[in-house]
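Engineer: dropping a prediction and its sequence here:
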Amino acid sequence: MLRVKSWEPPAFDLLERLGSELHVQAQPQTAGFVPISVDRGRYAEAEADVVRVLDGTGIAWREHLELRH
């Protein structure tokens with residue numbers, strides 16, 4: 001799960017990129033949480049995919065999003 005820390009445009013650019021590359025809906029919900037559904041057995045792999053996409057954006061994503069376990 002992700003949480004939006006900054007409601008600035010880069011946060012939404014990051015979420016759009018996640019949605020595009022991983023074919024998921026990455027829309028903030030209540031309190032800025034962004035749930036990403038995956039099979040329990042695939043959680044570690046899915047988390048690594050999210051980090052890979054975010055790291056590849058060139059945006060300091062940790063300023064805008066928080067990865068929660």
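Structural biologist: Nice, thanks for sending it over. Residues are numbered from 1 along each chain as shown.
Engineer: so where's this structure uncertain?
Structural biologist: 39 (pLDDT under 70).
Engineer: secondary structure element holding Leu54?
Structural biologist: helix 43-55 (DSSP states H and E).
Engineer: now the strands for the chain?
Structural biologist: 2-4, 33-34, 65-67 (DSSP state E).
Engineer: how about those strands, which one is nearest Gly58?
Structural biologist: strand 65-67 (14.4 Å; C-beta to C-beta). All C-beta spots, glycine's among them, are computed from the backbone N, C-alpha and C.
Engineer: pairing partners for that closest one, with directions?
Structural biologist: Partners of strand 65-67 in the sheet, by DSSP bridges, are strand 2-4 (antiparallel).
Engineer: could you verify my assumption that Val24 touches Arg17?
Structural biologist: No: in this structure Val24 lies outside contact range of Arg17 using C-beta atoms under 8 Å: 11.1 Å.
Engineer: can you list residues touching both of those two?
Structural biologist: By C-beta atoms under 8 Å, 6 or more residues apart in numbering, Val24 and Arg17 have no common neighbours.
Engineer: report the contact partners of the residue nearest to Leu15 when sequence neighbours are not counted.
Structural biologist: The spatial neighbour of Leu15 that comes closest, neighbours along the chain excluded (C-beta to C-beta, 6 or more residues apart in numbering), is Ala26 at 4.2 Å. Neighbour list for Ala26: 2, 15-16, 18-19, 34, 36 [criterion: C-beta under 8 Å, 6+ apart].
Engineer: what's the farthest-apart pair in these?
Structural biologist: Among these, Glu16 and Ile36 lie farthest apart (C-beta to C-beta), at 13.8 Å.
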